[in-house]
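Asker: turn this into a model:
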Amino acid sequence: MANPAVVFDAQPGGKSTMFPRKIRRGTFSCGTYATNGAVVTPSLFGLNRIDDIDIQPTGGYVFEWLPATGKVKAYRQKDPAAAGGADIPLPEVANAVDLTAVLSRFRAEGV
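Answerer: Residues are numbered from 1 along each chain as shown. Sure thing, here's the model as predicted:
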């Protein structure tokens with residue numbers, strides 16, 4: 001299984017400091033998705049602590065960072081006709097779906 005991965009933008013945008021805050025920007029890949037979210041650690045973003053992560057939607061996928069669990073959850077749009085044509089909430093991506101090629105822009109902030 002592929003783990004989440006990041007590629008930082010070229011300097012200075014990829015790793016900047018607004019003392020004592022650190023801001024990281026680049027591209028995020030969720031890897032192979034696990035039910036209830038992919039675990040992300042501060043070290044993945046070159047931080048000691050994550051205060052906020054914003055991962056942009058891409059390719060029909062929407063991402064949500066859950067600070068309480070340290071996970072990023074992925075959701076995708078499905079055909080609303082499958083639910084009788086009604087609007088439905090975005091369902092979570094199924095377990096073991098390979099999202100390695102789904103590259104999203106991210107901004108992480110911490111210390």
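
Asker: all strands of this structure, in order?
Answerer: Using DSSP state E, the strands of the chain run over residues 5-8, 15-18, 21-29, 38-39, 50-55, 61-66, 71-76, 103-110.

Asker: TSV for those strands, including mean pLDDT, mean neighbour count and distance to residue 90?
Answerer: To be clear about C-beta, it is placed using only N, CA and C from the backbone, and glycine gets the same treatment. Shown next, in TSV, are those (pLDDT from 0 to 100; neighbours: other C-beta atoms under 10 Å; distance: least, C-beta to C-beta, whole Å):
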stretch	mean pLDDT	mean neighbour count	distance to residue 90
strand 5-8	97	14	23
strand 15-18	85	12	32
strand 21-29	96	19	18
strand 38-39	96	18	16
strand 50-55	98	17	14
strand 61-66	96	17	6
strand 71-76	96	18	4
strand 103-110	97	19	15
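
Asker: okay, those in JSON lines with distance to residue 88 next?
Answerer: Conversion of the strands of the chain to JSON lines gives the following (distance: least, C-beta to C-beta, whole Å):
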{"stretch": "strand 5-8", "distance to residue 88": "30"}
{"stretch": "strand 15-18", "distance to residue 88": "39"}
{"stretch": "strand 21-29", "distance to residue 88": "26"}
{"stretch": "strand 38-39", "distance to residue 88": "23"}
{"stretch": "strand 50-55", "distance to residue 88": "22"}
{"stretch": "strand 61-66", "distance to residue 88": "14"}
{"stretch": "strand 71-76", "distance to residue 88": "11"}
{"stretch": "strand 103-110", "distance to residue 88": "23"}
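
Asker: I'd say residue 104 and residue 61 touch.
Answerer: Yes - contact criterion C-beta atoms under 8 Å: residue 104 and residue 61 qualify, at 7.3 Å.

Asker: how many other residues sit next to residue 34?
Answerer: 17 (other C-beta atoms under 10 Å).

Asker: backbone phi and psi for it, please?
Answerer: phi -110, psi 140 (degrees, to the nearest 10).

Asker: no further queries at this time; thank you.
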